[in-house]
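**Q** My questions are about this predicted structure, shown below with the sequence.
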Amino acid sequence: MSAPTWLHETFDPTGSSIGFRVTKKLDEVQSPFQKIEIYESTDWGNVMLIDGAMMVTTRDNFFYHEMVSHPALFTHAAPKRVVIIGGGDCGTLREVLKHPGVESAVQCDIDEQVTRMSEKYFPELCASNGDPRAQLLFDDGIAYMRDCAPGSVDVVIVDSTDPVGPAEGLFNKAFFDSCFRALKDDGILVQQSESPLALLDLIREMRAEMGKAGFTTFQTLPFPQPCYPTGWWSVTLARKGQGFDFRQADAAAKGFETAYYSAEIHKAAQVLPPFVAKALEA
């Protein structure tokens, strides 16, 4: 590119698109599973696309990575063993390992190329890859959860792409059955759950599938995410029985830095806008 130009992702399900002004393409890899592209932008740092969909930017990734990890970890009484399904950019792993009580964090992503591209173009996200508590696996996350020992995991975080392609099998009862079995009685499942503005039907369906697997209580937490369709995203937590009161004092006194997450943000995210709350109660 001789001059800055615009890179757009058109997202048909929401009838919208998002764009970034970019100066050049830094890299492109066609893995056995998907196409991964990296661009240099004028204002948002590096941008990663997977099969044409915006995945990560240097500037705004902290919203997602912090909200997919810290609410669950501060809700669980004492999370020691965490499994991340997907998460190949390693940002969620980094956030999980900020919690000193975590003894083991397994990241299982089917596509090694996502991690290798992140190590090169988003090294800050990979800062904890060498942590002795971290285990990076490049394998089928569905099979990994199916083979997990029953009652062996405290928190499962599903940090996946949209429910198409390699991630399609991460949004149904069969997968949630495996998560339910692998979790301890006080365990928590976290699933990225798309836009609460435009994709409420998908969130409802996801919660219904979780319920069929045995989960009885759910909490959907919205947060801003500028690089994703509509700019408003969410995560959904599921438990076998307990509620979602979180350790507010511990969250307020956390001994690590975050850019977005705080005890106050966590508490505020629990209050859903009326139209979302009504739709999820239906």
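**A** It's in. Numbers count the residues shown, from 1 in each chain.
**Q** Helices along the stretch 151-282 of the chain, start to end?
**A** Assigned helices in the stretch 151-282 of the chain, in chain order: 173-182, 200-212, 248-252, 263-269, 274-281 (criterion: DSSP state H, counting those that start in this stretch).
**Q** Report the inter-axis angle for the second one versus helix 173-182.
**A** This points to helix 200-212. Relative orientation of helix 200-212 and helix 173-182, computed by axes from the mean of the first three to the mean of the last three C-alpha atoms, to 10 degrees: 50 degrees.
**Q** Show the subsequent helix or strand relative to the helix or strand encompassing Gln107.
**A** Here Gln107, judged by DSSP states H and E, is contained in strand 104-108. Beyond strand 104-108 on the C-terminal side, the first helix or strand identified by DSSP H and E is helix 112-121.
**Q** quick one: contacts of the strand holding Gln107?
**A** Strand 104-108 is contacted from outside by 80-88, 90, 92-93, 96-97, 131, 133-141, 144, using C-beta atoms under 8 Å, 6 or more residues apart in numbering. Where C-beta positions appear, they are placed from N, C-alpha and C, glycine not excepted.
**Q** repeat that with 7 Å
**A** Residues external to strand 104-108 that are found in contact with it (C-beta atoms under 7 Å, 6 or more residues apart in numbering): 81-85, 87, 90, 93, 96-97, 133-137, 139, 141, 144.
**Q** pLDDT of stretch 226-243, averaged?
**A** Stretch 226-243 carries an average pLDDT of 93.
**Q** Send me it as CSV with only the CA atoms.
**A** What follows is stretch 226-243, C-alpha atoms only, in CSV (Å, rounded to 0.1, in the frame of the first residue of the first chain):
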residue,chain,number,x,y,z
PRO,A,226,-15.0,-1.4,19.3
CYS,A,227,-13.5,-3.9,16.8
TYR,A,228,-16.4,-6.3,16.9
PRO,A,229,-19.8,-6.0,15.1
THR,A,230,-22.0,-3.3,16.8
GLY,A,231,-19.1,-2.3,19.1
TRP,A,232,-20.9,-4.0,22.0
TRP,A,233,-20.1,-7.6,23.1
SER,A,234,-20.8,-10.0,25.9
VAL,A,235,-19.7,-13.0,27.9
THR,A,236,-22.1,-15.5,29.5
LEU,A,237,-21.3,-17.4,32.7
ALA,A,238,-23.0,-20.7,33.6
ARG,A,239,-23.0,-22.6,36.9
LYS,A,240,-24.5,-25.8,38.2
GLY,A,241,-26.4,-24.2,41.0
GLN,A,242,-24.7,-21.3,42.8
GLY,A,243,-25.4,-17.7,42.1
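**Q** In it, which residues are buried?
**A** Neighbour-count burial for stretch 226-243, counted by 16 or more other C-beta atoms under 10 Å, picks out 226-230, 232-240.
**Q** How far off centre is that stretch?
**A** Centre-to-centre, stretch 226-243 and its host chain are 9 Å apart (C-alpha atoms, centre = their mean, to the nearest Å).
**Q** Pick the one among the buried residues of stretch 226-243 closest to Ile38.
**A** Cys227 (13.7 Å; C-beta to C-beta).
**Q** can you pull the contacts of the closest one?
**A** Counting by C-beta under 7 Å, 6+ apart, Cys227 touches 18, 54, 57, 60.
**Q** For those, which single residue is the most surrounded?
**A** Neighbours here mean other C-beta atoms under 10 Å. Within the contacts of Cys227, the largest count is held by Met54, at 23 neighbours.
**Q** Can you tell me how far the closest residue to that one other than its chain neighbours is from Gly91?
**A** Spatially, and ignoring its direct neighbours in sequence, Met54 is nearest to Cys227 (4.6 Å; C-beta to C-beta, 6 or more residues apart in numbering). Cys227 is 13 Å from Gly91, where distance means C-beta to C-beta, to the nearest Å.
**Q** Where do the strands of the stretch 51-200 of the chain begin and end?
**A** Here the stretch 51-200 of the chain has its strands, by DSSP state E, counting those that start in this stretch, at 53-57, 81-86, 104-108, 134-137, 153-159, 183-192.
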